[in-house]
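S.K.: A predicted structure for the sequence below; I have some questions about it.
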Amino acid sequence: MSHLSLLHLCLLLWTSLVFGCGPSADSSPGKNAALVSRGRSLHTTYACDSCHSLDGSPRSGPSYVGNFGDSVALVDGRKLVRDEAYLRRALVDPNAEIPAGSDASMPTYRLSADQLDALVAFMKSLTAD
């Protein structure tokens, strides 16, 4: 690959990241509603509600309600923002960054990229009213 082609590729990738271009940037209301619905279904299928509440009540894992974007304290003393990247890491490798006050018993699931997108969309949609 020539230096110029590599430069064009890097510029294209940077533009996609900065401006949200590309296939994952489709955030039309219909697509988001479908993702949220699929995420809710997966939440039930994987029995996530046995440890994570949808109403803010305490369980062995953190509630999903109203905490997207908040700071989360981890058992190792670090603090992170509960953003999309954090949620994806927590779903793929749940014992890597354990929230303080939670136990380390969340199983590891093999989730597809589509399933991750749906679960994250569902968790983001849950706001405290």
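M.R.: In hand now; what should we look at?

S.K.: Which helix or strand lies directly C-terminal to the helix or strand of the chain with the lowest mean pLDDT?
M.R.: One helix or strand of the chain scores below all others by mean pLDDT, DSSP states H and E: helix 3-19, with a mean of 44. Going down the chain from helix 3-19, the next helix or strand is helix 29-45, by DSSP states H and E.

S.K.: Counting neighbours, what do you get for the nearest residue to Glu97 once chain neighbours are set aside?
M.R.: Distances taken as CB to CB, 6 or more residues apart in numbering place Leu74 nearest to Glu97, at 5.4 Å, with adjacent residues excluded. Yep, even glycine has a C-beta here, placed from its N, CA and C like the rest. Per other CB atoms under 10 Å, the neighbour tally for Leu74 reads 14.

S.K.: tell me, what residue is most central in this structure?
M.R.: By CA atoms, centre = their mean, the chain has its centre lying nearest to Leu87, at 3.2 Å.

S.K.: name the element that residue belongs to?
M.R.: helix 84-92.

S.K.: Could you list the buried residues of that helix?
M.R.: Buried residues in helix 84-92, counted by 16 or more other CB atoms under 10 Å: 84, 86-88, 90-91.

S.K.: Put together TSV for the residues you listed, with pLDDT and distance to Ser125 on each row.
M.R.: Shown next, in TSV, are those (pLDDT from 0 to 100; distance: CB to CB, whole Å):
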residue	pLDDT	distance to Ser125
Glu84	95	13
Tyr86	94	16
Leu87	94	12
Arg88	95	16
Ala90	92	17
Leu91	94	15
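
S.K.: Just the closest of the residues you listed to Ala104, please.
M.R.: Ala90 (11.9 Å; CB to CB).

S.K.: just checking, that closest one touches Glu97?
M.R.: Yes: counting by CB atoms under 8 Å, Ala90 does reach Glu97; the two are 6.5 Å apart.

S.K.: now the angle between helix 29-45 and the host helix or strand of Lys124, please.
M.R.: Using DSSP H and E, Lys124 sits within helix 113-125. Counting by axes from the mean of the first three to the mean of the last three CA atoms, to 10 degrees, helix 113-125 lies at 100 degrees to helix 29-45.

S.K.: Just the C-alphas of helix 113-125, formatted as PDB.
M.R.: Taking Å, rounded to 0.1, in the frame of the first residue of the first chain, the C-alpha atoms of helix 113-125 are listed here in PDB:
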ATOM      1  CA  ALA A 113     -21.900  -7.200  17.900                       C
ATOM      2  CA  ASP A 114     -25.600  -6.800  17.200                       C
ATOM      3  CA  GLN A 115     -26.500  -8.200  20.600                       C
ATOM      4  CA  LEU A 116     -24.100  -5.800  22.200                       C
ATOM      5  CA  ASP A 117     -25.500  -2.800  20.300                       C
ATOM      6  CA  ALA A 118     -29.000  -3.800  21.400                       C
ATOM      7  CA  LEU A 119     -28.200  -4.300  25.100                       C
ATOM      8  CA  VAL A 120     -26.300  -1.000  25.200                       C
ATOM      9  CA  ALA A 121     -29.200   0.800  23.500                       C
ATOM     10  CA  PHE A 122     -31.600  -0.700  26.000                       C
ATOM     11  CA  MET A 123     -29.500   0.300  29.000                       C
ATOM     12  CA  LYS A 124     -29.000   3.800  27.700                       C
ATOM     13  CA  SER A 125     -32.800   4.100  27.300                       C
END
